[in-house]
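Novice: Model the structure of this input:
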Amino acid sequence: MINKELLLEKPPLGKRFVAYFLDLLLVLVSTIALYFVVLYAVFGAGFNYIFNQYYVNERYEEYGLNIPYETNYEPFEKVLQKFYFDEFKDEIIEDFKKDGKDYSIEYIYNVVVLGLPEKPTPTNYDNSLYHYVQNSDGTYNVNVLGVKSEGSGEFYERSMADLFYAAYEDLPNLLSKYDEQFAKSLSENSIYEMISRVISLFITSTVFFIVVPLINKNGSTLFEKQKKIGYVNKKDYFALKSRKVPLRRLILFIFPLLGMAFFNGYTFVILVILPVFLDPLAVILSKRNANFFELICSATCCDLELTEIFKNEEEFEKFSNEEKISDKNYLNNLKNVDSIAVNEGENNEKK
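Specialist: Below you'll find the model as predicted:
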């Protein structure tokens, strides 16, 4: 009886990694393309995404919320003063009165928002985080601030541009608070974008990691088929059970799907980027170079060019019998060749 395991040849790691990352690249490109299709064709046309985006951009332009960082703080100061002294003065004062604080808008702007001392003198050190830097001639440089290190009495310098830009970056939150349409547009579009990301990744991962492997033999993805890589059941080394194929997408994309739903810098790195490298890491570290799919689904990877894969025991028995017949014929031929050689030797001796 032929040992089925002896017929199994593992593909080189290089081929596996190339196929793996090419498949991921294909999914990534397809997901991005499909994301814009879903977002604009579905939510843009029927759910006001385009109108909301237009309204948000219009408000950003109106209130000057698109200024990039620069060392000149005056553009930021101008926008901040427009917000606090012109656009939302009454609303801001009313909010502070609700907390039992009767502050003027000047006090709120200088002390609460910017954290500046009320006067540029060193007597304010104990009551304010910031103080103006004093020049050697006794005057104060109001363009540069000193910042008190927490837990110590020492100061380090911080530019006015940094100070005003930090307050300026918070203005979209302030606008959301006082402009209901702006807040509604941001919230709705955030939901539309989240749903579009999840739908797009779900569709592309399903197509390339379920549909394609089910169509191809041996659970191969598009690039695994091109690289002649397939999978068999680890228990009996027969062809991979079709019910195991869908598990591959769940293993690879359950965390990225969550990362796409809760989309920010941290979740993108932890739930989208890191899982991509866990599968190759498992291949390198596991004893039999098995990825998560192989480990969890009791499967094993094989080189389709060098491996005979059987669907069931009957197919294997048929192959096994053919191999025995082939070996027997081969041995008989060797005997015939040997007898012919002996006869020819005897004839030569007689001559």
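Novice: contacting residues around the spatially most central residue of the chain?
Specialist: Nearest to the mean C-alpha position of the chain, counting by Cα atoms, centre = their mean, stands Val272 at 2.6 Å. Residues near Val272 by Cβ atoms under 8 Å, 6 or more residues apart in numbering: 255-256, 259-260. Backbone N, C-alpha and C define where each C-beta goes, glycine included.
Novice: Lys227: neighbour count?
Specialist: Neighbours of Lys227 under the rule other Cβ atoms under 10 Å: 22.
Novice: could you check the distance from Phe230 over to Pro11?
Specialist: No Phe there; residue 230 is Gly. As judged by Cβ to Cβ, to the nearest Å, Gly230 and Pro11 stand 9 Å apart.
Novice: Mind listing the shared neighbours of those two?
Specialist: Counting by Cβ under 8 Å, 6+ apart, the shared contacts of Gly230 and Pro11 are 301-302.
Novice: quick one, which of these two is more surrounded?
Specialist: In this view Gly230 and Pro11 are compared by other Cβ under 10 Å, and Gly230 has more residues nearby, 24 against 21.
Novice: my read: that one touches Tyr237, true?
Specialist: No: Gly230 is beyond contact range of Tyr237, at 11.9 Å (criterion: Cβ atoms under 8 Å).
Novice: quick one, what contacts Glu305?
Specialist: Shown in contact with Glu305 (Cβ under 8 Å, 6+ apart): Lys228.
Novice: mind checking which helix or strand it is in?
Specialist: Assessed by DSSP states H and E, Glu305 sits outside every helix and strand.
Novice: where does Val245 sit relative to Ala299, distance-wise?
Specialist: Counting by Cβ to Cβ, the gap from Val245 to Ala299 is 10 Å.
Novice: what do these two both touch?
Specialist: Residues touching both Val245 and Ala299 (Cβ under 8 Å, 6+ apart): Gly219.
Novice: Comparing those two, which residue is more hemmed in?
Specialist: Ala299 (25 against 22).
Novice: which residues sit in contact with the closest residue to that one other than its chain neighbours?
Specialist: Excluding its sequence neighbours, the residue lying closest to Ala299 (Cβ to Cβ, 6 or more residues apart in numbering) is Tyr231, at 4.7 Å. Residues in contact with Tyr231, defined by Cβ under 8 Å, 6+ apart, are 218-220, 240, 293-294, 299-302.
Novice: Tell me which helix or strand Tyr231 sits in.
Specialist: Secondary structure from DSSP H and E places Tyr231 in strand 229-233.
Novice: and the gap between Glu74 and Gln81?
Specialist: As judged by Cβ to Cβ, Glu74 and Gln81 stand 10 Å apart.
Novice: so which strand or helix has Cys301?
Specialist: Using DSSP H and E, Cys301 maps to strand 299-303.
Novice: Pull up the pairing partners for that strand, direction included.
Specialist: According to DSSP bridges, strand 299-303 forms sheet pairs with strand 229-233 (antiparallel).
Novice: State the mean pLDDT of the partner strand.
Specialist: Per-residue pLDDT over strand 229-233 has a mean of 86.
Novice: which element follows that strand toward the C-terminus?
Specialist: Next helix or strand after strand 229-233 toward the C-terminus (DSSP H and E): helix 245-261.
Novice: In terms of secondary structure, what does that next one contact?
Specialist: Applying 3 or more Cβ pairs under 8 Å, 6 or more residues apart in numbering; DSSP states H and E, one finds that helix 245-261 contacts helix 180-206, helix 212-215, helix 274-285, helix 292-297.
Novice: Can you mark which positions in that helix are buried?
Specialist: 245, 247-249, 251-253, 255-257, 259-260 (16 or more other Cβ atoms under 10 Å).
Novice: Pick the one among these closest to Leu65.
Specialist: Distance to Leu65 across the buried residues of helix 245-261 (Cβ to Cβ) is lowest for Met260, with 26.6 Å.
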